[in-house]
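J.: Please work out how this folds:
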Amino acid sequence: MIISKIGVETEPVAVWRVSFRTAVPAAAWRVFVDGSSKRVVSKYNVAQYQEPRGSVFAPNPVRTSRNPTLKDDPAGIPDGDSDELTKARSSVAINDLETGGNGLVGKYAVIVPSNLGTSPAFEPTGVFDYRRSDPRFEDVMAYHWVTENQRYVQSLGFEKAGNFQIRIDTHFTAADNSYYDPDEKSLQFGTGEVDDAEDGEVIIHEYAHAILDDQVPNFGGNQEGTEARAISEGFGDYWAASFLPIRALRSGPYSGPNGTDRPGVIPSADCRHIFAGWTLRRRPTTRFRMNMRTAKSGARVYG
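T.: Residues are numbered from 1 along each chain as shown. Predicted coordinates:
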């Protein structure tokens with residue numbers, strides 16, 4: 001038992017100091033309990049550790065650099081690196097990771113081994129710092145943006161809208177297509193042209209389908225060309241467009257160079273080999289046709 005002051009204007013009182021550790025969350029607690037009333041006076045997490053961090057595009061390098069000429073194949077190397085693409089990355093906190101592991105396994109998202117054979121990111125140091133030529137960069141992108149989007153949903157007071165651990169394959173297909181699978185409750189991303197999981201706008205668009213499906217199971221149904229399917233696709237674009245400007249307006253890693261990241265600015269870019277999430281979705285020769293192919297396949301997927 002020790003003597004402590006409960007408040008600035010109070011007299012010192014006798015308190016018990018209780019120390020203990022927890023695995024979930026990973027923490028070392030120091031708790032002070034009033035010796036007379038047994039009331040908890042204060043509680044602190046005194047564990048000293050490095051916060052998990054990672055590098056991401058926020059949301060894509062065209063938007064942050066204001067350079068619509070960025071290409072997927074700098075120097076003729078597909079998925080290659082360049083100084084400008086590397087500088088376009090932002091360092092962000094990797095939140096809600098489960099304890100006891102070193103992979104991207106968290107409360108709202110889990111990165112699984114890919115269908116194309118890439119292994120999920122695994123970092124004992126908790127630092128997921130990759131360049132965009134590394135397949136693990138897409139793992140960090142998908143985990144971060146899904147997690148932050150669900151945390152935003154929770155902050156709005158919607159506690160049961162997509163509040164589950166969604167499985168994510170960031171390298172599912174070599175085709176230029178990505179989708180949400182309502183049967184498996186999972187996200188699958190394509191690597192055709194620019195890898196879809198390198199664009200936060202695309203990631204949140206696909207995740208929006210999961211949010212809708214969690215509220216109304218099988219939202220969009222099995223039929224192609226329905227109004228429900230159109231609403232689902234429209235909501236995906238709206239959800240990404242509404243969420244990302246909120247992040248851009250806040251201080252920190254989501255701000256563009258010199259604070260130039262302005263909501264509503266859509267880069268004008270060529271469709272092939274160039275980062276431009278909204279441009280890809282707006283042109284009928286790209287995103288729309290891709291969605292039609294998905295709908296006609298008969299599979300219950302939302303692209």
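
J.: Show me which strand runs longest in this structure.
T.: strand 12-22 (DSSP state E).

J.: average pLDDT for that one?
T.: The predicted model assigns strand 12-22 a mean pLDDT of 87.

J.: Remind me what it packs against, helices and strands.
T.: Other helices and strands packing on strand 12-22, by 3 or more Cβ pairs under 8 Å, 6 or more residues apart in numbering; DSSP states H and E, are strand 2-5, strand 27-34. For glycine as for every other residue, the C-beta is placed from the backbone atoms N, C-alpha and C.

J.: Swap in 10 Å and give it another go.
T.: On a contact count with 3 or more Cβ pairs under 10 Å, 6 or more residues apart in numbering; DSSP states H and E, strand 12-22 meets strand 2-5, strand 27-34, strand 40-45.

J.: Could you look over those strands and pick the most buried one?
T.: Burial of the helices and strands packed on strand 12-22 is given as mean neighbour count (mean count of other Cβ atoms under 10 Å); strand 27-34 ranks first at a mean of 16.

J.: Which parts of the stretch 151-300 of the chain are strands?
T.: In the stretch 151-300 of the chain, strands defined by DSSP state E, counting those that start in this stretch lie at 166-173, 179-181, 186-190, listed in chain order.

J.: Of all the helices and strands packed on strand 12-22, which one is nearest Ile203?
T.: strand 27-34 (29.9 Å; Cβ to Cβ).

J.: before we move on, back to that, would you turn the strands of the stretch 151-300 of the chain into CSV with mean pLDDT and mean neighbour count?
T.: Shown next, in CSV, are these (pLDDT from 0 to 100; neighbours: other Cβ atoms under 10 Å):
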stretch, mean pLDDT, mean neighbour count
strand 166-173, 98, 23
strand 179-181, 95, 23
strand 186-190, 98, 23
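
J.: what sits against Ile94?
T.: By Cβ atoms under 10 Å, 6 or more residues apart in numbering, the contact set of Ile94 is 51-54, 56, 104, 106, 121, 123, 126-128, 140, 143-144, 147-148.

J.: among the residues you listed, which are in helices?
T.: Secondary structure assignment by DSSP state H places 140, 143-144, 147-148 of these in helices.

J.: And for the spatially closest residue to Asp176 that is not a sequence neighbour, the neighbour number?
T.: Closest residue to Asp176 apart from its sequence neighbours, by Cβ to Cβ, 6 or more residues apart in numbering: Gly192 at 3.1 Å. Using other Cβ atoms under 10 Å, Gly192 is surrounded by 13 other residues.

J.: rewinding a little: save the strands of the stretch 151-300 of the chain as a markdown table, and put in distance to Glu84 too.
T.: Output for the strands of the stretch 151-300 of the chain, formatted as a markdown table (distance: least, Cβ to Cβ, whole Å):
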| stretch | distance to Glu84 |
| --- | --- |
| strand 166-173 | 23 |
| strand 179-181 | 30 |
| strand 186-190 | 23 |
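
J.: just checking, Ala93 touches Gly106?
T.: No - contact criterion Cβ atoms under 10 Å: Ala93 and Gly106 do not qualify, at 11.9 Å.

J.: Settle it for me: which of the two has more neighbours?
T.: Gly106 (21 against 14).

J.: And the pLDDT for the more buried one?
T.: Gly106 is given a pLDDT of 96.

J.: How about it: what's its closest non-neighbour residue?
T.: That would be Asp96: by Cβ to Cβ, 6+ apart, it lies 4.4 Å from Gly106.

J.: which residues touch that neighbour?
T.: Residues in contact with Asp96, defined by Cβ under 10 Å, 6+ apart, are 25, 52, 105-109, 143, 147-148, 150-151, 165.

J.: can you map out the helices along the stretch 101-250 of the chain?
T.: Counting by DSSP state H, counting those that start in this stretch, the segments of the stretch 101-250 of the chain that form helices are 136-155, 200-215, 227-249.

J.: Now render the ones you listed as CSV, adding mean neighbour count and mean pLDDT.
T.: Output for these, formatted as CSV (neighbours: other Cβ atoms under 10 Å; pLDDT from 0 to 100):
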stretch, mean neighbour count, mean pLDDT
helix 136-155, 23, 97
helix 200-215, 24, 95
helix 227-249, 17, 83
